[in-house]
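Engineer: Compute the structure for the input listed below.
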Amino acid sequence: METQRRSILKRLFASAAGVVGLGAASKAIAAPVAEAAAEKEVFNVVMQDDVPLFSGSTKMGNLVFVAGKGYHKEGDIKVHTDEVLKELERELIKAGSSMEKVLKVSVFLHDLNDYKGMNEVYKGRFGKKPPVRTTVAVYGGVPGDSLVEMDCIAYI
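Structural biologist: Just a heads-up that it's a prediction; the model follows:
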């Protein structure tokens, strides 16, 4: 039954890639994801009222998805950015990846005026081939007392 399910998922991803016109590249990405559907691993599960709320990171196939990390202590944007990047790195290492293998980062700022200070600390942290990045200021600020929150997607 599981083999049949994976076969159906493979065909679904392959046909979706063909319809969108993404061809072989999409098929190369979609196939490992479909095959790994039964192999999802989660790390650092956050509980609320004895019920799983979310995972610090999830690994599926050769991809790692790290949940948003913030720093909820005193400090300016540079301190917060440094601590958030260190936390991302810890999660990546636990999952068998590294900062150099990050493909995508999302940065959520409490205040867009902190963009320059965040960039000063951020630059160079992902090696010579940095990931793509989206940076936005969040209306109402990021959750908690953090000035910045980041999440990422990496490979193993």
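
Engineer: Can you tell me the SS state at the residue nearest to R133 when sequence neighbours are not counted?
Structural biologist: In space, not counting the residues next to it along the chain, R133 is nearest to V105; the distance is 4.6 Å by C-beta to C-beta, 6 or more residues apart in numbering. Using the backbone N, CA and C atoms, a C-beta is placed for each residue, glycine as well. Three-state call for V105 (DSSP: H, G, I helix; E, B strand; the rest coil): strand.

Engineer: distance between the ends of stretch 89-108?
Structural biologist: Chord length of stretch 89-108, first to last residue, is 17 Å (C-alpha to C-alpha, to the nearest Å).

Engineer: Grab the longest strand from the chain for me.
Structural biologist: Counting residues, the longest strand found in the chain (DSSP state E) is strand 51-60.

Engineer: That one - contacts with which helices or strands?
Structural biologist: The elements that strand 51-60 packs onto, with contact taken as 3 or more C-beta pairs under 8 Å, 6 or more residues apart in numbering; DSSP states H and E, are strand 41-48, strand 63-70, helix 77-94.

Engineer: in the second one, what's buried?
Structural biologist: Think strand 63-70. The neighbour-count criterion (16 or more other C-beta atoms under 10 Å) identifies L63, V64, F65, V66, A67, G68, K69, G70 as the buried residues of strand 63-70.
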